[in-house]
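>>> Any chance you could fold what I've pasted below:
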Amino acid sequence: MKKIIVIGSSNIDMVVKTSHLPAPGETILGGEFLMNQGGKGANQAVAVKRLGGNLVFLTKLGDDVLGHQSLEYFKKEKINTQHITLDQNSASGVALISVDDHAENSIVVASGANMQLNEQDVDHVVEEMCEGDILLMQLEIPLQTVMYAAKKAFEKGVKVILNPAPACNLPKELFKYLYMITPNRIESEMLTGLKITTDADAEEAANKICAMGVKNVIITLGSKGCVIKEGSISYRVDAFKVKPVDTTAAGDTFNGALCVGLAENMDLQHAVLMASKASSIAVTRMGAQSSIPYREEII
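Have a look, this model is predicted:
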């Protein structure tokens, strides 16, 4: 099977479930506390592995209690830890997450060792890249590292998929290395300057992103599904109807599942359907990686 190389962040998520998200200066008593594995890169890597993908995962942890805990967790998930390193001079990444009764969340991240993931680290996995493989990245690591990895992968004929989260301004040069980009509504608005309230708005935004140099665009719209620009055609895929509990890793589950489908030679529409089903299961459970389904749950 084609390899799916995930380069990205790994955090420990400290989650509080509460009635509503606190306003500035407000203290809310009560609520349920959970501590989970998280980070967009690690979430996507776990999704790829649980859904049957041939995973290569590159990340950096702190050489601390949380880092060693994460390393043991990845081993239990049967993830090859060859390219997971411990940085002696940085703390492990931590995310502080509040989740309200409507499954909306508020997240603050202390990136720690994630921001030490560099070009030399990327070089260690470049040797494993083959034409037709898939590289999946996000933006919780240095943008310079993302640029370097995208260029190296593109030169080797690897399909580079960028989940541009969290939202930020991207250099124009990056787009020419991308096979696909998967922004949500907010990220799409930031990339294009267009306000998205309808499918037509999303399609216009997808066209504008394509004009930047990306052939394939998927704009995810939560419970409203997603709008897809595949080459010269556009279409939408509806979301599965569920009652959400926690949306923390829904997008990461979507991206991991999407890559598995593409690696298995599914056409894009069927890969998106599988990804939508996997993410719909994830939002019905609390926690990031603990919410990610296994392959048998989406068949």
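>>> what are the ranges of the helices in the stretch 151-299 of the chain?
172-175, 185-192, 199-210, 250-263, 268-282, 295-298 (DSSP state H, counting those that start in this stretch).
>>> In TSV, list the ones you listed along with mean pLDDT.
Below are the helices of the stretch 151-299 of the chain laid out as TSV (pLDDT from 0 to 100):
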stretch	mean pLDDT
helix 172-175	97
helix 185-192	96
helix 199-210	96
helix 250-263	97
helix 268-282	97
helix 295-298	94
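>>> Using a markdown table, please lay out these together with distance to residue 47 and mean neighbour count.
C-beta here means a position set from N, CA and C on the backbone, and glycine is covered the same way. Shown next, in a markdown table, are those (distance: least, CB to CB, whole Å; neighbours: other CB atoms under 10 Å):
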| stretch | distance to residue 47 | mean neighbour count |
| --- | --- | --- |
| helix 172-175 | 23 | 14 |
| helix 185-192 | 19 | 20 |
| helix 199-210 | 24 | 19 |
| helix 250-263 | 3 | 28 |
| helix 268-282 | 7 | 22 |
| helix 295-298 | 10 | 14 |
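>>> JSON lines for these, including distance to residue 43?
Listed next are the helices of the stretch 151-299 of the chain as JSON lines, based on distance: least, CB to CB, whole Å:
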{"stretch": "helix 172-175", "distance to residue 43": "22"}
{"stretch": "helix 185-192", "distance to residue 43": "16"}
{"stretch": "helix 199-210", "distance to residue 43": "23"}
{"stretch": "helix 250-263", "distance to residue 43": "3"}
{"stretch": "helix 268-282", "distance to residue 43": "9"}
{"stretch": "helix 295-298", "distance to residue 43": "16"}
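>>> out of the ones you listed, which comes closest to residue 49?
helix 250-263 (8.4 Å; CB to CB).
>>> Please identify which of the helices of the stretch 151-299 of the chain is closest to residue 221.
helix 185-192 (5.6 Å).
>>> Give me the angle between that closest one and helix 199-210.
If you take axes from the mean of the first three to the mean of the last three CA atoms, to 10 degrees, helix 185-192 sits at 50 degrees to helix 199-210.
>>> which residues are in contact with helix 185-192?
By CB atoms under 8 Å, 6 or more residues apart in numbering, the residues outside helix 185-192 that reach it are 164-165, 167-170, 183, 194-196, 202, 205-206, 208-209, 212, 219-222.
>>> Kindly recompute the last result at 10 Å.
The contact list for helix 185-192 (CB atoms under 10 Å, 6 or more residues apart in numbering) reads 139, 163-170, 175, 181-183, 194-197, 201-202, 204-209, 211-212, 217-222, 224, 226-227, 251.
>>> so which of the helices of the stretch 151-299 of the chain gets nearest residue 7?
If we rank those by CB to CB, the stretch that ends up nearest is helix 250-263, at 12.4 Å.
>>> Contact partners for residue 1?
52, 53, 54, 133, 260, 263, 264, 265.
>>> beta partners of residue 162?
Bridge pairing for residue 162 (DSSP bridges) gives the partners residue 137, residue 181.
>>> how far is the lowest-mean-pLDDT helix or strand in the chain from where the chain is centred?
Here the helix or strand of the chain ranked lowest by mean pLDDT, DSSP states H and E is strand 105-110, holding a mean of 89. Here strand 105-110 is found 15 Å from its chain centre; the criterion is CA atoms, centre = their mean, to the nearest Å.
>>> Please identify the buried residues of the helix or strand that comes right after it?
Helices and strands here follow DSSP states H and E; after strand 105-110, the next one along the chain is helix 119-126. Within helix 119-126, the residues scored as buried using 16 or more other CB atoms under 10 Å are 121, 122, 125, 126.
>>> The second one is in contact with residue 145, isn't it?
Yes - with contact defined as CB atoms under 10 Å, residue 122 and residue 145 form a contacting pair (6.3 Å).
>>> Give me the common contacts of those two.
Both residue 122 and residue 145 are in contact with 7, 58, where contact means CB under 10 Å, 6+ apart.
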